[in-house]
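[1] sequence plus the predicted model coming up.
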Amino acid sequence: EIVLTQSPGTLSLSPGERATLSCGASQSISSSYVAWYQQKPGQAPRLLIYGTFNRATDIPDRFSGSGSGTEFTLTINGLEPEDFAVYFCQQYANSPGTFGQGTKLEIE
Amino acid sequence: EVQLVESGGGLVKPGGSLRLACAASGFSFTSYSMNWVRQAPGKRLEWVSSMSGGGAYILYADPVKGRFTISRDNAKKSLYLQMSSLRAEDSAVYFCVRSPVAGSSYFDYWGQGILVTVSS
């Protein structure tokens, strides 16, 4: 089972700034099968990025994904107030798909 | 608009059983695989089970194999999870989730989740 480790655990930024969230894998993830989700308190996760780079339906272009092998990144340019939430990465290259422990993006 | 609405959660004693249901709307139900994913307090999201659109392909996570059974009724656009021999570690919010394929996949729409608590 591939273990995903997200960093930092908490990221404190202000609206308008850029957020860079990292996701490290315990082994190389083939074919870039990495997804990112946003979750707000009391809500279901929302798919942001799949296939490492592809934005999901209706996701603004300030969200972008990158990476390969064992290191993947979610970048949010120009943070909006609604972007402050918890973010999870997921790998689905190997079964079972597994999730990272999450990064909390909070307002500084 | 895609909607997934879970029901059937609650408090159950260890060793007991519970059946979760998920009502789907807003998309062609048979065209998608459906899954259950759970989130225990303070723990990572954990995929539980998947079923393909036609129902022929079924997968379970090791911790629930032999105790949980996934099923679907395409005529009713509904997904189910029969949980038996429940343990304290099964306590979690259970999400009904859509995916393009069964098994290892990303999840594009999620229900709001339903709480299952296993406690004496």
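    Thanks, I have the structure now.

[2] so what pLDDT did the most centrally placed residue in chain A get?
    In chain A, the residue lying closest to the centroid (CA atoms, centre = their mean) is residue A:36, at 3.8 Å. For residue A:36, the pLDDT comes out at 98.

[3] what does residue A:48 give?
    98.

[4] any idea how far chain B is from it?
    10 Å (CB to the nearest CB, to the nearest Å). No exception for glycine: its C-beta is placed from N, CA and C like everyone else's.

[5] pretty sure that residue sits against residue A:57.
    No: between residue A:48 and residue A:57 there is no contact under CB atoms under 8 Å: 10.5 Å.

[6] show me which of the two is the more surrounded one.
    More crowded of residue A:48 and residue A:57, by other CB atoms under 10 Å in any protein chain shown: residue A:48, with 22 against 8.

[7] tell me the contacts of the more buried one?
    A:35-38, A:55-56, A:59, A:63, A:65, A:74, A:87 (CB atoms under 8 Å, 6 or more residues apart in numbering or on different chains).

[8] closest to chain B among those?
    The closest of the contacts of residue A:48 to chain B turns out to be residue A:35 (CB to the nearest CB; 3.9 Å).

[9] the longest strand belonging to chain A near chain B anywhere?
    For chain A, the longest strand by residue count, based on DSSP state E, is strand A:63-76. No: judged by CB under 8 Å from any CB of the partner chain, strand A:63-76 and chain B are separated, with a smallest distance of 11.6 Å.

[10] so what secondary structure elements neighbour that strand?
    Helices and strands touching strand A:63-76, by 3 or more CB pairs under 8 Å, 6 or more residues apart in numbering or on different chains; DSSP states H and E, are strand A:19-29, strand A:34-39, strand A:46-50, strand A:54-55, strand A:86-91.

[11] in TSV: those, plus distance to residue B:8.
    Shown next, in TSV, are those (distance: least, CB to CB, whole Å):
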stretch	distance to residue B:8
strand A:19-29	33
strand A:34-39	22
strand A:46-50	23
strand A:54-55	34
strand A:86-91	25
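
[12] residue B:53 is nearest to which of those strands?
    strand A:46-50 (18.7 Å; CB to CB).

[13] just the angle between the closest one and strand A:34-39, please?
    Angle between the axes of strand A:46-50 and strand A:34-39 is 160 degrees (criterion: axes from the mean of the first three to the mean of the last three CA atoms, to 10 degrees).

[14] surely residue A:106 and residue A:11 touch.
    Yes: the pair residue A:106 / residue A:11 is scored as a contact, 7.2 Å apart, by CB under 8 Å.

[15] for residue A:97, what are its contacts?
    A:90-91, B:47, B:104-106.

[16] host element of the residue nearest the centre of chain B?
    Taking CA atoms, centre = their mean, the centroid of chain B lies closest to residue B:36, which sits 2.6 Å from it. Taking DSSP states H and E as the definition, residue B:36 sits inside strand B:33-39.

[17] near chain A, which residues of chain B are found?
    B:44-47, B:59, B:61-62, B:95, B:103-113.

[18] can you flag the buried ones in these?
    B:44-47, B:59, B:61, B:95, B:103-111, B:113 (16 or more other CB atoms under 10 Å in any protein chain shown).

[19] inside strands: which ones of those?
    Judged by DSSP E, the subset of these located in strands is B:45-47, B:59, B:95, B:109-110.

[20] make CSV from these and add pLDDT to it.
    As requested, those are arranged in CSV below (pLDDT from 0 to 100):
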residue, pLDDT
B:45, 94
B:46, 96
B:47, 95
B:59, 93
B:95, 97
B:109, 96
B:110, 96
